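Chemist: whatever this is, show me its structure:
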Amino acid sequence: MSRLTITDLETFKGTKTWECERSHGLKAIGSFHLKGVNQDFILYPLDEWEQKHYADIQKKDSERLFRYETHTTKIGGFFPMIKVNVESGLVYFQEDIYDEDMTFQKISEKPQWIDLNKIAI
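Modeler: As a prediction, the model looks like this:
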């Protein structure tokens, strides 16, 4: 299991590294780090249209969909989706970011740590 932290920003005294991140008009709601990767993955909520459009994607009760961004995806102009299990802290990347069926990898990645805003769960 990953080191999973759920943060209530209303009562948290301090600032999270992801708290000031913004992209595509959205405010970041978390981040995670994979071993061997030299950058953090910043998590963003889906916008209202995406929430409705992707509501039927197969996922467990404890899984949530997010957009993520790294320095590399930002430079490339990509804003891919990721599935996060908010109980175990495991993450599932998209099989193909160009696939409209939105399928995710069957094998999860285990971040060294994952930190989410309480509103994300």
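Chemist: what are the buried residues along stretch 101-113?
Modeler: For stretch 101-113, burial by neighbour count (16 or more other Cβ atoms under 10 Å) applies to 102, 104, 108-109, 111. Just so you know, the C-beta spots here come from the backbone N, C-alpha and C atoms, and that holds for glycine as well.
Chemist: for I82, state which of the residues you listed is nearest.
Modeler: I82 has its nearest neighbour among those in F104, at 7.9 Å by Cβ to Cβ.
Chemist: measure that closest one to K118 for me?
Modeler: 24 Å (Cβ to Cβ, to the nearest Å).
Chemist: tell me the contacts of the residue nearest in space to the middle of the chain?
Modeler: The residue lying closest to the centre of the chain (Cα atoms, centre = their mean) is L43, at 3.7 Å. Neighbour list for L43: 18, 28-32, 66-68, 82, 84, 116, 120 [criterion: Cβ atoms under 8 Å, 6 or more residues apart in numbering].
Chemist: that one bridge partners, please.
Modeler: Taking DSSP bridges as the rule, L43 bridges to G30, Y68.
Chemist: which strand or helix spans L46?
Modeler: Using DSSP states H and E, L46 sits in no helix or strand.
Chemist: now the end-to-end length of stretch 38-54.
Modeler: One end of stretch 38-54 sits 30 Å from the other (Cα to Cα, to the nearest Å).
Chemist: and for stretch 105-121?
Modeler: Using Cα to Cα, first and last residues of stretch 105-121 are 21 Å apart.
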